[in-house]
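Engineer: Pasting the sequence and the predicted model now:
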Amino acid sequence: MKRVLAASLALGCACASAADLRDYAYAFTIETPAGVESSAWRVDLDPSVYAWLRDPALRDVAIFNAEGEPVPCARVAAETLASVHERTESLPLLALPAGSAATGGDLRLLIERDAHGRLRRLDAGDGATTKSSERAWVVDASDVDGAMERLILAWDTPASGVVARFDVAAGDDLEHWRHVGDGSVLSLREGDAHLDRNDIALPGVRAKYLRLNRLDDGDALVGLAASARVVQHTAATPVRRWIDAHPDGRAADADGTAAASFAYTLPAALPVEQARIELASDNALAALALSGRDGSAWTELARLTAFRVRSGDDALRNGDVDLAGARRYGAFRLDARTPLATPPRLAFAFRPDRFVFLAEGAGPYRLAVGSATARRPDYPLDAALASLRESHGRDWQPPQATIGAGHASGGDAALQPPPAPRPWRQWLLWTVLALGAALVGGFAVSLLRERKP
């Protein structure tokens, strides 16, 4: 540990710069958990910090200790401190006999397992139901290593005209169940238009079994099969956050082909990853194009067919849209090819940028942001973090700190670019040229006077 602290002090002395808190427009208090001590911390930016950023590479972010001295800090990618593995796994699905589809209670069944311990047959004796009346199923997830975030269903028939709602419960012993989610799947066709959704969101479920109950009385789904979208986290990652975009009324159509265009803004330009678009009216359908503005140019981000279909007490809508790239956008436009009287609800998911800093000097620490001139040095934090992992273990990660209250530091003056330097060289050159021209003129006049007599 002494070697780690010595390395951090050496980094601070070698990389110290003349930066001062007053060189930055705004400063936020960094709050650390009470009673927790660490040689390094990680902190994720929030929209209030992004609002003051001026450098696209986030170099105008620095961290200072209580004495107002800069401490070693660096922006780190999510993969540096965490690894996430996503995969889709097919799961055995067994139909439950009639009478066992209630949402509560224990299952009193004859259970048969294969050599690997997975379910192979569920039977209740002579009262077993036929395939055509299946309304409840057990999904065997005992071999899943990770958290299940989505349950994906597939079926053979009917191919269209399907709107089916399910309740999902989870358990580890086929006797005790807890509700973990519900949702609807659908497959609709009308002419060339088609709407499909076959997954149900789950809140990161870890369980050996899932119980799937169909709540509606629609046609049976023949050949039903199940798979799960599994996410395995090996370390902490920045939590994806959702934020609503503020509608700013009608927008000017870029190419004159949209029936309606709507403008939206975020509190700051954020690194958005996913968009959620919800139509305001039931039984509505619209073809939409989503564009974002980075600076003065508009970039098309996605095209989709948005829908909102009423099914009993539930409103089924289109899924969220993944956005490519990692650029930050603060202004958006929705162009609708079909007339819309009310602007849709628009929300975005973003994963905040993460910074790691060494606890050099006394706290509380402050995060300073927004400057036209100050830029953070390139601190080589990898060596210090590697030394810390040698002391605390290979899986050790800096504990999480949070952004607290903010206050003006240098204010708007720190955001103003410095005045252009005076062109001394240009002025000197013109002065020398003028003096040379005057000397040449003087010589010419002197020669003319000598020749005149």
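Structural biologist: Alright, I've got the coordinates. Numbering: from 1, shown residues only.
Engineer: Report pLDDT for Ser387.
Structural biologist: We have a pLDDT of 85 for Ser387.
Engineer: Quick check: the gap between it and Pro398.
Structural biologist: From Ser387 across to Pro398, the span is 13 Å (CB to CB, to the nearest Å). Every C-beta, even on glycine, is put in place using the N, C-alpha and C of the backbone.
Engineer: Please apply the same query to Pro47.
Structural biologist: Using CB to CB, Pro47 is found at 23 Å from Pro398.
Engineer: sorry, back to before: higher neighbour count, Ser387 and Pro398?
Structural biologist: Neighbours per residue (other CB atoms under 10 Å) separate Ser387 from Pro398, with Pro398 holding more: 23 against 18.
Engineer: Just confirm that one contacts Val43, I think it does.
Structural biologist: No - counting by CB atoms under 8 Å, Val43 is not a contact partner of Pro398; they are 9.1 Å apart.
Engineer: Now for the two: what residues contact both?
Structural biologist: Val356 (CB atoms under 8 Å, 6 or more residues apart in numbering).
Engineer: Where do the strands of the stretch 201-350 of the chain begin and end?
Structural biologist: Taking DSSP state E, counting those that start in this stretch, the strands of the stretch 201-350 of the chain run over residues 209-214, 225-233, 241-244, 246-250, 260-270, 272-278, 284-294, 297-311, 314-317, 321-322, 329-336, 345-350.
Engineer: Which elements pack onto the third one?
Structural biologist: Taking 3 or more CB pairs under 8 Å, 6 or more residues apart in numbering; DSSP states H and E as contact, the helices and strands that strand 241-244 lies on are strand 260-270, strand 345-350.
Engineer: Out of those strands, which gets nearest to Ser227?
Structural biologist: Ser227 lies closest, by CB to CB, to one member of these: strand 345-350, at 23.6 Å.
Engineer: and the closest one, which strands flank it?
Structural biologist: Take DSSP bridges as the rule and strand 345-350 pairs in its sheet with strand 241-244 (antiparallel), strand 272-278 (antiparallel).
Engineer: Save those strands as JSON lines, and put in mean neighbour count, mean pLDDT and distance to Arg310 too.
Structural biologist: Shown next, in JSON lines, are these (neighbours: other CB atoms under 10 Å; pLDDT from 0 to 100; distance: least, CB to CB, whole Å):
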{"stretch": "strand 241-244", "mean neighbour count": "14", "mean pLDDT": "93", "distance to Arg310": "23"}
{"stretch": "strand 272-278", "mean neighbour count": "18", "mean pLDDT": "92", "distance to Arg310": "13"}
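Engineer: Now the lengthiest helix in the chain: average pLDDT?
Structural biologist: For the chain, the helix with the greatest residue count under DSSP state H is helix 424-451. For helix 424-451, mean pLDDT rounds to 76.
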